[in-house]
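Enquirer: okay, here's the prediction I keep looking at, along with the sequence it came from:
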Amino acid sequence: MVVRCCLILIIITPLLGRTQDVILKTDITYTVAAKVSGKLDTLKFDIAYMNQSTNANPAILLFHGGAFKHGDKSSFQEELVALALAGYTVISANYRLGWKKGDVCVGVTNSFLYALYRSVQDGYSLIDFLSRNSQEFRVDLNKLVLGGSSAGSILAQTMVYNSQKDFDGLDISLSQNLGALYPASLTIFHPKAMINMWGAISSNINIDHKGLLPTISFQSIDDTVLDYDVGNIGECVDFKIFVGAKRISQLIHDTGGCYETNVTTEPGHRVFSVDYRIFRITKFLESLWNSQCDQTILENEVLVSSIRPSDLKVEVGENISLSWIDNSFNETGFLIKRIGLSQSQFFASTDELEFIDRSTIPDRRLLYTVSSISPNGFSKSDTTEIVITNIKDQPDDRVFISPNPVQSYFDLHIPNLGFRYAAIKMTSPTGSLILDQVVNENIRVDVTPYKSGVYTLSIELKDEIIYRKIIIN
């Protein structure tokens, strides 16, 4: 039986020296809902957390930008890994996109409101999904931080500050046509802080100023899309009024709340680097968890990032060994990233100048990068590409395949699978992904469409991935 998601578990292997490993899972389905066109949209999220973590972690939920028309959760992948290394379970989610384009300044206000309403519904559906699966995904929703960039920040702040009653007051047809704002099963939603990256709050909806969360903001004084203070989207004078980072911090200040506003005079909409944002976000949240409430405005702050490593070398033997030269003076460790054909990405960190990848690797071409880590973030990376020619089988009595070699089909039997799930992937001799599904029962795989050759089958269980060769005659 095919179930709700297509998981990709990032393989984490033992490292030399003191290590911190991050598991990144991508494309996990949390709901299915109708788009503006009426067609169903399968909504997914990516998640990252420390491999060593066995308990629920404080959770950070991020929504991407894109004017509610475009964008994708993958734009936050660097943030996911970096914040996971800081001890958080970090989630980046897609939501329904699309509204009537026309002239963005004329006749689309209602359509935009519908897009915002749909996105907020999706945000609540994700919270509901995580609350029902908090143990599996290691999220502590009692320590939830919401945030996003641009439209994603508008989404997050609307979730917190606006109710069904607010939307009904603007346009009762929203709930009449789209349904309730939040699912009836939602039982917990108490975010502790907000991450506002060049986003805003709609001033057309009644805001309970006393309820503004501790907020860290990033925005340009000369933002070309959303005003730093109060203004319209772009230069659309008849469009909705939005409150930017300056006014948000003033509202919080007036009620004695906590905020940090990072502002730059550099013009543009997305003007702060990932390194800078990660550094400031982790410091701000650390202060909150330690019950320190600050009111801070930082203007044109600059971080001194570490220098990229060089001379990255790879040796292929029983395992894959990497080594490099450290060129920085303020690094605290190194981040290794692996990209392959049939698997997504691999992240790990170490404080040594070498790294051993001990996992069985079914790809024929792998790309490795290494960056240095400092208190101010990541450096640029040095890169090397290698070709793997041998695939080792990995015998395991927990997985049975019969027959093998195979002509028409084979049966995959996973004893004691029970109610758990397994992600099944098969790659061709050229590295193409030809099978990708999640199952909770034994399956029969039809191979008649495929040419003769040696194929690689991966079976992802809860805590490991097992590889087997499939020989098709």
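Expert: Arrived safely.

Enquirer: for the spatially most central residue of the chain, give me its contacts.
Expert: Computing the C-alpha centroid of the chain and ranking residues by CA atoms, centre = their mean puts Ser92 first, at 3.1 Å. Contacts for Ser92 (CB atoms under 8 Å, 6 or more residues apart in numbering) come out as 45-47, 62-64, 73-77, 79-80. Just so you know, the C-beta spots here come from the backbone N, C-alpha and C atoms, and that holds for glycine as well.

Enquirer: what ranges do the helices span in the chain?
Expert: Remark: helices assigned in the chain by DSSP state H are 77-85, 109-132, 134-137, 151-161, 164-170, 173-178, 245-254, 274-289.

Enquirer: what's the closest of those helices to Asn442?
Expert: Closest to Asn442 of the helices of the chain, according to CB to CB: helix 134-137, at 22.0 Å.

Enquirer: name the residues of that closest one that are buried.
Expert: 134, 137 (16 or more other CB atoms under 10 Å).

Enquirer: run through the stretch 1-150 of the chain and note the low-pLDDT ranges.
Expert: Low-confidence segments of the stretch 1-150 of the chain (pLDDT under 70): 1-20, 52-54, 100-109.

Enquirer: quick one, strands of it?
Expert: Secondary structure of the stretch 1-150 of the chain (DSSP state E, counting those that start in this stretch): strands at 19-34, 40-50, 57-63, 89-93, 139-149.

Enquirer: report the angle between the third one and helix 77-85.
Expert: It refers to strand 57-63. 170 degrees (axes from the mean of the first three to the mean of the last three CA atoms, to 10 degrees).

Enquirer: same question for the first one.
Expert: The directions of strand 19-34 and helix 77-85 differ by 130 degrees, with the same axes, to 10 degrees as the criterion.

Enquirer: distance from the chain centre to strand 19-34, please.
Expert: Centroid separation between strand 19-34 and its chain, computed with CA atoms, centre = their mean, to the nearest Å, is 7 Å.

Enquirer: which strands and helices sit next to it?
Expert: strand 40-50, helix 77-85, helix 109-132, strand 345-350 (3 or more CB pairs under 8 Å, 6 or more residues apart in numbering; DSSP states H and E).

Enquirer: kindly report the same for the third one.
Expert: Counting contacts by 3+ CB pairs under 8 Å, 6+ apart, the secondary-structure elements packed against strand 57-63 are helix 77-85, strand 89-93, helix 109-132, strand 139-149, helix 151-161.

Enquirer: now the ones you listed as JSON lines including distance to Glu460?
Expert: As requested, the helices and strands packed on strand 57-63 are arranged in JSON lines below (distance: least, CB to CB, whole Å):
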{"stretch": "helix 77-85", "distance to Glu460": "19"}
{"stretch": "strand 89-93", "distance to Glu460": "19"}
{"stretch": "helix 109-132", "distance to Glu460": "20"}
{"stretch": "strand 139-149", "distance to Glu460": "20"}
{"stretch": "helix 151-161", "distance to Glu460": "29"}
